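*Asks:* Kindly generate the corresponding structure for this input.
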Amino acid sequence: MSAPKLNYSDMPKSGWWNFLPKKSVKWIRLGRFDRPVGFWLLLLPGWWTIPLSNINLSECIKLMIIFFVGSVMMRAAGCTINDLWDKDIDRKIKRTKDRPIASGDITISGAIIFLLLILLISFFCLIQLNTNTWLIALASIPLVIIYPLAKKFTKWPQIILGLTFSWAVPTAWSAANQSWELGIFTMYFATVFWIIGYDTVYGCQDRKEDEIIGVKNSAISAQNFLTLFVGTMYFFSFTLLIFSGWKLNANLIWFLGVLITGIHFIVQINKIKNLDMYNPLTIFKSNVLVGLILTVSALGNYLELYKP
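*Replies:* This is a model prediction of the structure:
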């Protein structure tokens, strides 16, 4: 059986944006609105946290809508900051050389104005929430700024990404519940380990080019024990998801969802063993399903079922 021809580019050639004015496409690409996987992965930890707080269903739905808009905007802001920092690196990598800033389609000043507009919309979402949530959300800004630089000073920048993307967990909990419990802290780290794992797989797309130009990431640092590393991250995530559900008094549907998630992790790990046969980008994207499974399982908390 011959290996399939792999296309590592994550920039789709066509989609709903083709029906919009041509001049708008570069802005859609800058904010990654054409690639929803990123905002789903940012959003879903917050989404599965909200129902576990035991607020009423109507308030839960309201918060999930606010977090949806906020996550789309913050992901766009994060991508813009990343592209501003990495414009010189992006020009040297085949997968990223056509990004709007790297290619010159968007100027630095234009990108900064776009960033400010995105942050303004994000701020509008934030002020719909309580004051404590404002402070927690704003505390993530240093991490958002530091991550693009992390690839230059640490071999494990995915740790910084994990700490950043997982911030949706304490932010969502604060928006829904003012009392803090051990389970929410372990849920945060369950998410951190999950993100380190899947983003290490994502980094395998550019591993050869990154080594040549000196960019650091866990896909390079762990390349001699990649399966073991990602498997360990997923194991820690799985274990902490179970523990967190127990501490947060989740019902059996949550634990069923975690079990299905564990099976999904095993499938991913088996594919990672054969990256010459499987596209790392496809494995990475499959983690949206993990987040959706956990979100549906958390929503099951509204059903009156046995809680261990």
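*Asks:* Quick one: name whatever helix or strand follows the helix or strand of the chain with the lowest mean pLDDT.
*Replies:* Across the helices and strands of the chain, mean pLDDT, DSSP states H and E gives its lowest value to helix 207-213, namely a mean of 75. As assigned by DSSP states H and E, the chain's next helix or strand after helix 207-213 is helix 218-221.
*Asks:* average model confidence for that following helix?
*Replies:* Mean per-residue pLDDT for helix 218-221: 90.
*Asks:* repeat for stretch 24-36
*Replies:* On average, stretch 24-36 scores 89.
*Asks:* Number of residues surrounding residue 157?
*Replies:* 24 (other CB atoms under 10 Å). Where C-beta positions appear, they are placed from N, C-alpha and C, glycine not excepted.
*Asks:* And the pLDDT for it?
*Replies:* Value for residue 157, per-residue pLDDT: 90.
*Asks:* residues in contact with it?
*Replies:* 147, 150, 151, 216, 217, 218 (CB atoms under 8 Å, 6 or more residues apart in numbering).
*Asks:* And it, how close does it get to residue 210?
*Replies:* Residue 157 is 11 Å from residue 210, where distance means CB to CB, to the nearest Å.
*Asks:* Give the intersection of the neighbour lists for those two.
*Replies:* The contact lists of residue 157 and residue 210 share 216, 217, where a contact means CB under 8 Å, 6+ apart.
*Asks:* Give me the number of neighbouring residues for residue 20.
*Replies:* Neighbour tally, residue 20, other CB under 10 Å: 11.
*Asks:* just to revisit the earlier point, of the contacts of residue 157 - the most surrounded one?
*Replies:* Going by other CB under 10 Å, residue 218 tops the contacts of residue 157 with 27 neighbours.
*Asks:* Quick check: that residue touching residue 232?
*Replies:* No. Residue 218 is beyond contact range of residue 232, at 11.7 Å (criterion: CB atoms under 8 Å).
*Asks:* so where is the stretch 201-308 of the chain shaky, pLDDT-wise?
*Replies:* For the stretch 201-308 of the chain, the stretches flagged by pLDDT under 70 are 304-308.
*Asks:* mind listing the helices for it?
*Replies:* 207-213, 218-221, 226-247, 252-272, 280-285, 287-299 (DSSP state H, counting those that start in this stretch).
*Asks:* okay, the angle between the third one and helix 287-299?
*Replies:* Spelled out, that is helix 226-247. 10 degrees (axes from the mean of the first three to the mean of the last three CA atoms, to 10 degrees).
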